[in-house]
Structure formats: structure tokens, C-alpha cells
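In: just to be clear, the model below is a prediction. Sequence and coordinates:
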Amino acid sequence: MALLDVSGYKYRPRPNSASQFGFKQTHFLDRSIHYSFGTKCQEFAVPVGVDPSTFLKSCSCEDGVSIDLNHGTTTLAFKFRHGVIVAVDSRASAGKYIASQDVDKVIEINPYLLGTMSGSAADCQYWERLLAKECRLYKLRNKERISVSAASKLLCNMMLGYRGMGLSMGSMICGWDKQGPGLYYVDDNGTRLSGRMFSTGCGNSFAYGIVDSGYREDMTVEEAYELGRRGIAHATHRDAYSGGVVNLYHMQEDGWIKVCKEDVSELIHRYKKGMF
Amino acid sequence: MALQNVCGLQHPPLFPEWSAPLSQSFMPEESTHLFGGGVQHGGAFSARLPGRGALSPLEFYMPISEYLTQSPINFGQISLSSAPKNFLNNNIDIIHPSLPCISLPPPTPCSISPSVPLPFTLSHGTTTLGFAFQGGVIAAADTRSSCAGQVACPNAPKVLPIHSHLVGTTSGTSADCALWKRILSRELRLYQLRHHRRLSTGGAAKLLSHMLHPFKGTELCVAATLCGWDGGGEKDENHAITQVTESDSSSQSTAVCKSKSQQVVTARSGMCGPRVVYVCSDGLRLQGELFSVGSGSPYAYSILDSGVHWGMSAQEAACVAREAVYRATHRDAYSGNNVDLYHVTAEGWRRRERENLKDEYYREKERERKRVAERKNEKKGV
């Protein structure tokens, strides 16, 4: 699929053969000289007659079966003078069952771009890998790295294509491009916001309290690491759907580094030593 | 009514609307039912069958079970035939789930509230918190009262003093909270008059919880944190104070830490001292050291978790409480305006000046600006 795009192969599907890329008829253009944004065709073939939005509405009403799509995690990211700090927890839950305590919720798109994941794990992983593919293609075609703004816009447009069909994804795209450190929040509704600080997931309110309180524009790097760790640790302390370890990344001018991976129970024990 | 109880007078109630309108015989109110231990009080409700005559003033009328089968989201919807007589001339229609079939002919309805669907799912739109530490209890809350997405009152007091050593924070429906706080104050005052001592915080919480129990399953919504100082006589208070001074002056080394924590444990779990209990109209009653209630509570919890510890000073405690409410009001739409702070010690409660958080926001911005400028100058100097 990617090779077809890059080589500009002209493909015209036969009228009566089932298109494997969806029921919309699409034509592959010669792409070698164009900026290409967004996926040209729908990624999934939606069976005729099934309407995902009404199905989901019926699932979330009061009486009867209710499927609660919650973003069961805590992730946070904030910009400061020396870059962007990204901190995430590592718990994956399926209802009230903890499926895993060691999930990677940050996808390393390229050495200058990171994406966090919250919401449905499957949706996040798939769409962000797709975003990674698009970013790589952009770099190959245009011989320069994609900007954070453009990358987040790509993801946002992918989400808008499936709006109302039950995707569940709350992601933060963090990077460093020509304009400096960049941080965007992208949602499954198609929300795309640029900001200084975001936190997603059901533990986000706990993280907001800590980071709002401790944020200083001119923090040192160590202080920023500590703030990110504290935010996640306190959120996992109070939120049942967050836990595991804190994965901390620091986005610098020459790329991101993974700072640490610390168990939250040890962190909480350290912070609350005076209380026991 | 209260005076009747205290005096032990035995005559029919003077105000007919407070008793069963259809009962023919009046029984003297048994004054022993209305105070003290929760179990007795709770028992009083279910023991009172309607046929038995004069009900205590806290008895409410129950409509027929049709109300129970209707969706609870349809607020105030009752059928005319089963409209109950209103208590205290307000529009609360109340049911008693443990008495589903009442063989009374329906009383004349006073006023029927028209069926009004709830504008949004009721969430406790507020931020209140209470925590205990060595120097007493801090209770703090914001002052925004919201209704249907608008601010109904920017200066609503959400921390209500109940008696000299007990303060309650309120969350949920303002009307319900105000009413039940007054009822609780009255009952505690009666207890104090009869028994010559104050009821403990735990006892008050139990009393409130049992008074709210008959309304479980209705739209009554009260989530209160009772913060108080239990102190028996003078002897108890002295004991508490000496324990406090010992724990203050002990050093931080690990060798002494264990003994300190032992002392601290005895001070905490002793019969006197600071106490925080959370009571909810669902029936939940929890004793603990730190509670935050309301839509802004997650924002406050993280700050309280990181800042509160037993050995903190009163100044620190007030700071942490203010910061927690401030951060919650910053992020939560249903909390805001001012912050109220009460500090309960062995001498009683003291109220801090109400602070407007808008000023706090600008002050913080100013502080930030100055600090950044200072650091820049320092760097230049070095």
C-alpha cells in the first residue's frame, strides 16, 4: 500500500471487483511531486447497512446493556523552557480487570515526535502507527521533517473521517520542530488544541491539580521531571484505572530522551514518608 | 416541639399538620426516641406504623409505591391520587422504601410540584474538603452555588457550623443540605441539654446517617463532611495537648520515629481530638483523615495528598487547604468565587476571612512574573 503510493503506480479498480479499500471508488494519483495529506481512502471497509453511530448510541443508554467507553489512564504533557515533558502511567484495564501493568502508552513516531495514547488501546495503537507511516512518507517525499502542527492535523483528519463511529482516542502529539517545542491535544471527536499543558484520561483531574500548582515557567530540568512524576504518581494513587509505572520522556531540541521508568507505589511511598 | 420533648409534656401536638391527619387517637411522643444513639433513632422510623397515631415531627408521609416505579430522572413527578401531605410546607415529596404499602386513604394534597425533568444529571457541583492534623481540623469550601449551568449565588456558605466544636461542609442540593444541617444542630443541642455533654463527631455522623436513611433511593442529595474536635472534660483536653507537644518536639531520626508514630497513633485513635467523618445520603458513613467532596474534588485530592501530613502546623494546613480549593476552582466550572476556611481546635471553631480567588489568581501571576524577573537578573549578575 505504501509502496504503491510512493511509486505512483496508476491503479484503476475494475468496476465489478470488490475494492479492498472501501466501497468508495478511488483513484491513485501520481504522488511523487505532491504534498499528500491525509489518507486518500477510508482505511476500513464498513459493511453496507451497519450504522456504527446508532449502534453505539443504543449501547450507552441508561437501561439495558451499557458499554462505557472511558479513557482509563492518566497521561500528561507540558511545555517549559527546556522542551516538553511527557509522563504516562502504564496500566491497561478491561472493565474492572487489570489486563496489564506494563503497557507502553507513548509511541515514538520518530526521534523528534512522540504521541501519547489514552482511550481504547487498540484504536490508539493503530491510528498512531498509521500516523507514523504518514510522517515517514512525508519526510521521504519532501526531504524535511514534518512539523508537529502538521502531524497533529493529519491525526485529527483521520479522526474526523470516522467521527461518530465509536473511536475512542485521546492523544497528545509532542515534538520539537522549526518553531520550537510543540504540544497538541487530539481527540476522537476531532478536537485539536495547541497548548502549554494537557492531561488526558480519567485520572487527568488529579494530575491537573499537581501540575497547575507546581508549574513555573522557568523550572529547571530536574524540577520538571519531578513535577511530571508527581502528577502521575498522585493520579494513580487516587484513580483506580491508572497505575503501574511512570514512563517519563523529555523532548529536547535534538530529539527526545527517555528519562525514567519508576514504579508508582515506590514514588508514593517516597512522597508520603512524613505521613506514615 | 423541642420544648415539648425536653419538658416531657404529654399532650396532643398543637400543630395538626405535623401529625397524621387521619389518625384518630393521639399517642404521647416518646421523648426518648429523638436523641442519642443512632440505632435507636433509626429504629424509631421503621417502628412507627402509620396506624399508631401521632408521628414524631420527623416522620414523613409516603406516597404509594407508584412513585418508586417511575424513572428517578423524572424529577418531581407524582400522580395526583397519591400526592402526600407536605411536611414543613415545602415541596419535597418523600418516600419511605421500607413501607411500600400503606393502607391509608390518600391525604389531601397541599401543593403538587409539576413534573420537571432534571436539566442535567445531578453532580455535586462544588469543592469542599476537610482534613485532620495535629492542630485540629481544617474545613474549607468554595462559595459558588450553581443551577442549570448558571451561577445562582457566588457567595453561598458551604461550611456551616453545627455547634461550637463541630463544623459541617455541604455538597449536593443546597436546600437539602441546609435543612439537614439545621435538623442535626437541633438534635445535637437537645442531646447536649439532656446529657450535659456534647455528642462526639462520630455520634453526630451516625445520627445524620440514620436520619437520612429513610430517604435512600429518592433524589435527596446530601454529602457532608463533619469536622469536629471531640473533647470530653478538661482532663481529656490536657491529655491531648501533652501528646501533641511531645510529638512536636521529637526529632526526625528513625529511632525516634517509631515512638513518635506510636504517640501519634494514640492521639489519633483516642477518644478525643480531631475527627473527620464523611456522611452521604446514599447511606455511606466513613471515618478518615482526609476527605474532599464534589465535582472539583479530584483536583483538590492530588494537592491534599501531597501536602497534608499529621505533624503540620496550622499555618501550613490553612495554606494547603486554600491552595487545594484554588486549584479546584481554577479547573472546575462548578466551583469558584471565594474560599471559606474554618479551623476547629479544642477551643472551638474559628473562621478565616473569606478570600476572593480572583485576587489570588492575579497575585499568583504577579508573583510568577517577579520571580522570573528575579531569576533573570540573578543569571545576568552571575
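Out: That came through, no problem.
In: for the residue in chain A positioned nearest to chain B, which non-adjacent residue is closest in space?
Out: Chain B sits closest to A:S205 of chain A, with a gap of 3.4 Å, by Cβ to the nearest Cβ. The way it works is simple: take the backbone N, C-alpha and C, and place the C-beta from them, glycine included. Among residues not flanking A:S205 along the chain, B:P298 sits closest, at 3.4 Å (Cβ to Cβ, 6 or more residues apart in numbering or on different chains).
In: just the element for the closest residue to chain A within the stretch 151-300 of chain B, please.
Out: At 3.4 Å from chain A, B:P298 is the closest residue in the stretch 151-300 of chain B, using Cβ to the nearest Cβ. Secondary structure from DSSP states H and E places B:P298 in helix B:297-307.
In: could you identify the helix or strand that succeeds that helix?
Out: The helix or strand immediately downstream of helix B:297-307 is helix B:314-331, counting by DSSP H and E.
In: check whether that next one comes near chain A.
Out: Yes - residues of helix B:314-331 contacting chain A under Cβ under 8 Å from any Cβ of the partner chain: B:E323, B:A324, B:R327, B:A328, B:H330, B:R331.
In: list the buried residues of the strand or helix carrying A:N157.
Out: Counting by DSSP H and E, the element that carries A:N157 is helix A:148-161. Applying a neighbour-count criterion of 16 or more other Cβ atoms under 10 Å in any protein chain shown, one finds A:V148, A:S149, A:A150, A:A151, A:S152, A:K153, A:L154, A:L155, A:C156, A:M158, A:M159, A:G161 buried in helix A:148-161.
In: out of the residues you listed, show me where the pLDDT dips lowest.
Out: Across the buried residues of helix A:148-161, the smallest pLDDT goes to A:G161, namely 85.
In: may I have the beta-bridge partners of A:G175?
Out: A:L113, A:G182 (DSSP bridges).
In: isn't it up against A:L114?
Out: Yes - using Cβ atoms under 8 Å, A:G175 is in contact with A:L114, at 6.8 Å.
In: for the helix or strand encompassing A:D123, name the packing helices and strands.
Out: Under the criterion of DSSP H and E, A:D123 resides in helix A:121-142. Packing contacts for helix A:121-142, counted by 3 or more Cβ pairs under 8 Å, 6 or more residues apart in numbering or on different chains; DSSP states H and E, involve helix A:2-7, strand A:106-110, strand A:113-116, helix A:148-161.
In: possible to save those as CSV with distance to A:S242?
Out: Output for these, formatted as CSV (distance: least, Cβ to Cβ, whole Å):
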stretch, distance to A:S242
helix A:2-7, 35
strand A:106-110, 15
strand A:113-116, 13
helix A:148-161, 23
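In: and of the ones you listed, who's closest to B:P214?
Out: Among the helices and strands packed on helix A:121-142, strand A:113-116 comes nearest to B:P214, with 48.2 Å by Cβ to Cβ.
In: kindly export the helix holding A:N157 (C-alpha atoms) in PDB.
Out: Taking Å, rounded to 0.1, in the frame of the first residue of the first chain, the C-alpha atoms of helix A:148-161 are listed here in PDB:
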ATOM      1  CA  VAL A 148       4.200  19.000  14.900                       C
ATOM      2  CA  SER A 149       1.300  21.100  13.800                       C
ATOM      3  CA  ALA A 150       1.000  19.100  10.500                       C
ATOM      4  CA  ALA A 151       1.400  15.800  12.200                       C
ATOM      5  CA  SER A 152      -1.400  16.600  14.700                       C
ATOM      6  CA  LYS A 153      -3.500  17.800  11.800                       C
ATOM      7  CA  LEU A 154      -3.100  14.500  10.000                       C
ATOM      8  CA  LEU A 155      -4.200  12.600  13.000                       C
ATOM      9  CA  CYS A 156      -7.100  14.900  13.600                       C
ATOM     10  CA  ASN A 157      -8.300  14.500  10.000                       C
ATOM     11  CA  MET A 158      -8.100  10.700  10.300                       C
ATOM     12  CA  MET A 159     -10.300  11.000  13.400                       C
ATOM     13  CA  LEU A 160     -12.800  13.300  11.600                       C
ATOM     14  CA  GLY A 161     -13.200  10.700   8.900                       C
END
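In: not counting its own residues, what contacts it?
Out: Under the criterion Cβ atoms under 8 Å, 6 or more residues apart in numbering or on different chains, residues A:37-39, A:42-43, A:109, A:113, A:115, A:127-128, A:130-131, A:134-135, A:138, A:146, A:167, A:169, A:171, A:173-177, A:179, A:182-184, A:186-192, A:194 lie in contact with helix A:148-161.
In: isn't A:E253 right next to A:G175, touching?
Out: No - assessed by Cβ under 8 Å, A:E253 is found out of contact with A:G175, at 10.9 Å.
In: looking at those two, which is more packed in?
Out: Per other Cβ atoms under 10 Å in any protein chain shown, whichever of A:E253 and A:G175 has more neighbours is A:G175, with 28 against 10.
In: ok, the more buried one - contacts?
Out: Counting by Cβ under 8 Å, 6+ apart, A:G175 makes contact with A:V84, A:Y112, A:L113, A:L114, A:S147, A:V148, A:A151, A:P181, A:G182, A:M251.
In: ok, then the element right after the worst-scoring helix or strand of chain A on mean pLDDT?
Out: Least confident helix or strand of chain A, by mean pLDDT, DSSP states H and E, is helix A:52-59 with a mean of 62. Counting by DSSP H and E, the next helix or strand C-terminal to helix A:52-59 is strand A:75-80.
In: remind me what that following strand packs against, helices and strands.
Out: For strand A:75-80, the elements it packs on are strand A:83-88, strand A:170-177, strand A:180-187, strand A:197-200, helix A:204-214, helix A:221-238, judged by 3+ Cβ pairs under 8 Å, 6+ apart.
In: re the thing from before, pull up the overlap in contacts between A:G175 and A:L114.
Out: With Cβ under 8 Å, 6+ apart, A:G175 and A:L114 have common neighbours A:M251.
In: what's the burial count for A:A99?
Out: If you count neighbours by other Cβ under 10 Å, A:A99 ends up with 11.
In: so it makes contact with A:G72?
Out: No - A:A99 is beyond contact range of A:G72, at 10.2 Å (criterion: Cβ under 8 Å).
In: shared neighbours of the two, anything?
Out: In terms of Cβ under 8 Å, 6+ apart, A:A99 and A:G72 are both contacted by the residues A:S93.
In: what about the stretch 151-276 of chain A, any weak spots by pLDDT?
Out: A:273-276 (pLDDT under 70).
In: write out the residues of it neighbouring chain B.
Out: Within the stretch 151-276 of chain A, the positions lying close to chain B (Cβ under 8 Å from any Cβ) are A:205-210, A:212-213, A:216-218, A:230-231, A:234-235, A:237-239, A:271-272, A:274-276.
In: hmm, which of these are the buried ones?
Out: By neighbour count, with 16+ other Cβ under 10 Å, these hold A:205-210, A:212-213, A:218, A:230-231, A:234-235, A:237-239, A:271-272 as buried.
In: what is the burial count for B:E347?
Out: B:E347: 12 neighbours (other Cβ under 10 Å).
In: what bridges to B:F133?
Out: Beta-bridge pairing of B:F133 under DSSP bridges involves B:G136.
In: get me the contact residues on chain B for chain A.
Out: B:73, B:261, B:298-303, B:305-306, B:308-311, B:323-324, B:327-328, B:330-331, B:368, B:371-372, B:375.
In: now with 7 Å?
Out: Within chain B, the positions lying close to chain A (Cβ under 7 Å from any Cβ of the partner chain) are B:298-303, B:305-306, B:309-310, B:323, B:327, B:330-331, B:368, B:372, B:375.
In: buried subset of the residues you listed, written for PyMOL?
Out: The PyMOL command for the buried members of those (criterion: 16+ other Cβ under 10 Å) is given here:
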select buried, chain B and resi 298+299+300+301+302+303+305+306+309+310+323+327+330+331
